[in-house]
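1. Based on what follows, work out the 3D shape:
(chains A, B and C)
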Amino acid sequence: MLDSLRRRPRLAFALLAVLLAALPFIMGFGLGNSWVRVLDFVLLYVLLAIGLNIVVGYAGLLDLGYIAFYALGAYVYAWLASPHFGLHLPFWAVLPIGAAVAGLFGVLLGAPTLRLRGDYLAIVTLGFGEIIRIFMNNLNAPFNLTNGPQGMNLIDPVSVAGLSFGKSLHLFGMKLPPTYLYYYLFLAFTLLAILVAFRLQDSRIGRAWAAIREDEVAAAAMGINTRNMKLLAFAMGATFGGLAGGLFAAFQGFISPESFTLWESILVLCMIVLGGMGNIPGVILGAVLLTMIPEALRYIGDLQRATLGHIVVDPSDLRMLLFGVALVAMMLFRPAGLLPSRQRKREFAAEDGVAEQEQASLYDAKA
Amino acid sequence: MNFGKHAISALSLALALALSGCGKTEDAGNIIKIGSVAPLTGPQTHIGKDNENGARLAVDEINAKGLELGGKKVKLELFGEDDQAEPKTATIVAQKLVDAGVVAVIGHLNSGTTIPASKIYHDAGIPQISPSATAVAYTAQGYNTAFRVMANDAQQGKALGQFAVNKMGAKRIAIIDDRTAYGQGLAGEFEKAATAAGGEIVAHEFTNDRATDFNAILTSIKGKSPDLLFFGGMDPQGGPMARQLKRLGLNAKLLGGDGLQNANFMKLAGADAEGVVASSPGLPIDSMPGGPEFRKKFEAKYGVIQVYAPYAYDAVYALVEAMKRANSAEPAKVLAELPKTDLQGVSGPIRFDAKGDTEGGAVTLYEVKNGAWQVLETVK
Amino acid sequence: MDIFLQQLVNGLVLGSIYALVALGYTMVYGILELINFAHGEVTMIGAMVALSVIGVLMGAAPDLPGVMVVLAGILVAIPACMALAFGIEKIAYRPLRKAPRLAPLITAIGVSIILQNLAMLIWGRQYVSFPPLLPTIRFEFLGAHISLLQIAIVVLAVTIMAGLWLLVEKSRLGRAMRATAQSKEVAQLMGVNVDRVISATFIIGAAIAAIAGVMVSAYYGLAHYYMGFMLGLKAFSAAVLGGIGNIAGAMLGGLLLGVIEALGAGYIGDITGGFLGSHYQDVFAFFVLILVLVFRPSGLLGERVANRA
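-> Below is the predicted model:
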């Protein structure tokens, strides 16, 4: 059946569209509304993973502080649409502002790191991520900007043409809870992001990123402005992060610094490593798997409670342990991810000669 | 670019997702579902389980006695859920309970999870009674569905601030908070009350909930020569802080909230715990009206009480009393009755004010003497 | 003045610990150009193993003097950490020596997560307290309080550092390490067993980390499965500050970072009039790291290529 679909991409698209549109109903009636909420989070993480993939997968810049941009987007949304400053701007104005601010910070934080090589870059971005979280956690004094560790509450829900996503919508005798409405909103943004990411990959910019990733010195020699291209990658990635953050703030209605820890950055990184760096279907798969697995693991806990009366193996312990094992195992046995991009596969399977060359070029780059 | 190929992989993915959905169980006749949410995995497992056990004990008792609403015999069923002490998970779990058709929720444990979840319960119009969330913001949202049975940070901080100045005779006060919602909230309220009572705040320093080294901030505080140091935070920081305080020769009394008033603090502080004063909301369990009896019942079934079990137990009773007055388990009717609650619980009298906070919640102060927490006094 | 002196003491003790952990980062980076993210976790495992041994000994032989018990803990922790580091290098890093640079870095993060969670499963989530075995002798010097333990930590750290410097500069193994750091291929041609040298580097770093781990938990009176991560990041910052790949640099960077943190947390509130406060203590290390990397990537002592091991 898949084969016949492969030959008829239009049919495949139509089927996919129908399925995506019907998914919340299937999940909602089958498993309950809470799973629609899980779906919403899956979409948010897909959005985040696509953004980080631009930085890590396309341009090869290992960013361990990506969640800072998610936080910025969320806080900008909260500043402009909550009782905190008494501002209640509409979401179509706030979201772009949040995304733009995050993008700007992407450039600001990216600029000093341009000269750094892979692993230094990783640790500096990690530092930036922590610094931003620490500031968010402490800026309730001397001027109450973020309300500190108490977080910001009562953030306005998204509202389109007088229709608030915070309340259920009654349509054709059907009741659509907020989770369904947000599903379609998030889906729209995610599809847009996927489209942009695909287009970027095959554009001049995308090829420039790939060149920088493979060999920065050679890329510069070929006339690529590596500084601008790297900054662009940071900015694009951060913009997606900021967008996702704004959506998150509107969806949750409450944000606090504990939602933006280093582990969230690592989680998003795990998603793209697991799925396949640089390959969008792979990245989506990674995001879906890593968001759903903890929810599925929850049933292991419930099962243990039901059968044994207490928890023998804590599923949340298991989750982190599995993430760690997955990271190591993926790098050792399937470094290009579950759904690798063709180019990446080639790169990781490179003969010694190529790898050697790469090493040598890095030595040169350092000198 | 082969869009078709990607569409297919996405399609198979979505199909797999959709197929993972399966049938839902049907509801039985006269069962009234109540949710209970707390972290059942993660670092706070023992405290979370304690909450659930407290609620379960009350539910079992009520079922054993038999409950009749609207002329029908009904049975309570407790749905325990795990929010992992994580805001995002808390909203998913809250949604799950709403889907399952619970009429009320006892929970959550932490303020950081209680607040985002309260929005979902409010939207669904079902009452939520938290046994342990103490952040002021929880009941300040204007939701008619949010209640709690424990003194909030403002109430506890106020009691601590007044006690420090009036009873302990502190004049120069230094404050450290751990920058968590709990620690910062408590320290803020303490500062207000201590200043109002005539104490002078000579230093306010900060740490975090992963730190172990407090030498730098304690030394800085030592330079301001305070006679009392208040710490808003938990025992993993409070323990080593008590040690480093002594090592630096800083002669200030250490005062803390319920985050320090536990056995683990004693273990971590060792001999340097002696003389530390800390508070805990509510009455000491053995001087609660039904306390000793509750302790006996609870320990026979679940072992030692950790902290908040009596509050979860009382929360269930407050809820069921409201159902009885409404003669219905319908959330809207129960919500109308909850504010009229006037119950003698095992943690003390339970009445709600206009916001849903407990009215005049008691706070008890303890001091470490001879290696054990001894009751100093209870303030209202 | 007494306050300033006390802060200096605080900073030097903290800095000695950073310096010891920084050695492990600097040695591995010098040879492999790999940030061994898991090194902080090795430190934590050292503390945990030592505490377990101490717990058992205190039960089995309650009459043993406290110092002996702690020493026994260290003596078991060292080989345990060495074996662990040997295994980590062999399983997680060696197969990836020729892979793109991102790969071993991601594995390192993975190993770090695995070790943390394994430690949590074995030793629990609660903070483990360090029993009061060591003498609590204190001196007062110009108003500053200094304990015997603090002096011991600094002295021990300096001794270890000097020993390591001698090893790298004077011994055969040290020469092999320096050769490998310069060029693995050429070293191999000259008859150096590169794999063995790299293993040795990891093992030596782990042994020092084990000692540092026990020091930390004895000093603060506790241990926790999460203690290694932040310690590792700070120590790495210290290594970069001093000049990564440089042993004296690790020492200097560690001490400096410790003092910067202590003085920063102690005085920033007064200096900025309360605008910034000690809540930004953890920011200092990252800030120093970023400044050094941007303006002087070779660190304070520079990278003397001949001395990178």
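2. alpha carbons only for contacts and neighbour counts from here, please
-> Fine.
3. Quote the end-to-end distance of stretch A:74-90.
-> 15 Å (C-alpha to C-alpha, to the nearest Å).
4. Which residues does it contact?
-> A:91, A:94-95, A:97-98, A:101, A:146, A:152-156, A:158-159, A:242, A:244-250, A:255 (C-alpha atoms under 8 Å, 6 or more residues apart in numbering or on different chains).
5. Show me which residues of chain C sit near chain B.
-> Neighbours of chain B within chain C, by C-alpha under 8 Å from any C-alpha of the partner chain: C:3, C:6-7, C:10-11, C:125-129, C:132, C:138, C:144-147, C:220-222, C:227, C:261-263, C:265-267, C:277-279, C:281.
6. So which of those residues are in strands?
-> Counting by DSSP state E, those place C:V128, C:S129, C:R138, C:A144, C:H145, C:I146, C:S147, C:L222 in strands.
7. Generate a ChimeraX selection restricted to the buried subset of those.
-> Here is the ChimeraX command that selects the buried residues among these (16 or more other C-alpha atoms under 10 Å in any protein chain shown):
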select /C:128,129,144,145,146,147,222
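8. okay if I get the ones in strands among the residues of chain C next to chain B as CSV plus distance to C:V111?
-> Formatted as CSV, those follow (distance: C-alpha to C-alpha, whole Å):
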residue, distance to C:V111
C:V128, 23
C:S129, 26
C:R138, 40
C:A144, 41
C:H145, 40
C:I146, 38
C:S147, 36
C:L222, 23
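9. Please state the offset of stretch A:159-173 from the chain centre?
-> Here the centre of stretch A:159-173 is set off from its chain's centre by 27 Å, with C-alpha atoms, centre = their mean, to the nearest Å.
10. can you check stretch C:120-139 too?
-> 18 Å.
11. ok, residues contacting stretch C:157-168?
-> Against stretch C:157-168 from outside (C-alpha under 8 Å, 6+ apart): C:16-17, C:19-20, C:173-175, C:177-178, C:208, C:247-248, C:251, C:309.
12. could you pull out the helices for chain C?
-> Secondary structure of chain C, counting by DSSP state H: helices at C:2-32, C:39-60, C:66-88, C:102-123, C:148-170, C:172-182, C:184-189, C:194-220, C:227-242, C:247-271, C:281-295.
13. what's near enough to touch the residue in the stretch 201-309 of chain C that chain A sits nearest to?
-> Ranked by C-alpha to the nearest C-alpha, the top residue of the stretch 201-309 of chain C for proximity to chain A is C:F286, at 5.2 Å. Each residue near C:F286 by C-alpha under 8 Å, 6+ apart is listed here: A:V124, A:G127, A:F128, A:I131, C:K234, C:S237.
14. hang on, the earlier thing: turn the buried ones among the residues of chain C next to chain B into a named ChimeraX selection, would you?
-> Buried residues among those (16+ other C-alpha under 10 Å), as a ChimeraX selection:
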select /C:3,6,7,10,11,125,127,128,129,144,145,146,147,220,221,222,227,261,262,263,265,266,267,277,278,279,281
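15. Go through the contacts of C:F286 and name the one nearest A:A49.
-> A:F128 (18.8 Å; C-alpha to C-alpha).
16. pretty sure the closest one contacts A:G65?
-> Yes: between A:F128 and A:G65 there is a contact under C-alpha atoms under 8 Å: 6.2 Å.
17. Name the residue in the two with the higher neighbour count.
-> A:G65 (28 against 22; other C-alpha atoms under 10 Å in any protein chain shown).
18. Return the residues in contact with the closest residue to that one other than its chain neighbours.
-> Closest residue in space to A:G65, ignoring its immediate chain neighbours: A:G129 at 4.0 Å, by C-alpha to C-alpha, 6 or more residues apart in numbering or on different chains. By C-alpha under 8 Å, 6+ apart, A:G129 lies in contact with A:L64, A:G65, A:Y66, A:I67, A:A68, A:L262.
19. dump the residue contacts of the nearest residue to B:G360 once chain neighbours are set aside.
-> Nearest residue to B:G360, sequence neighbours excluded (C-alpha to C-alpha, 6+ apart): B:K380, at 6.1 Å. Applying C-alpha under 8 Å, 6+ apart to B:K380 gives the contacts B:A159, B:G360, B:G361, B:A362, B:V363.
20. can you pull the pLDDT of B:K380?
-> Confidence at B:K380, expressed as pLDDT, is 72.
21. ok, so what distance separates it from chain C?
-> 33 Å (C-alpha to the nearest C-alpha, to the nearest Å).
22. now swap in A:L290 and tell me
-> From A:L290 to chain C the distance is 15 Å (C-alpha to the nearest C-alpha).
23. Help me confirm that C:L222 comes into contact with C:S129.
-> Yes: judged on C-alpha under 8 Å, C:L222 makes contact with C:S129 at a distance of 4.2 Å.
24. tell me, what's touching these two both at once?
-> B:L268.
25. circling back: I would like a PyMOL command selecting only the buried ones among the contacts of A:G129, please.
-> Remark: buried members of the contacts of A:G129, expressed as a PyMOL selection using 16+ other C-alpha under 10 Å:
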select buried, chain A and resi 64+65+66+67+68+262
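26. who touches stretch A:160-180?
-> A:P24, A:N33, A:V36, A:R37, A:D40, A:P157, A:V158, A:S159, A:L181, A:Y182, B:D123.
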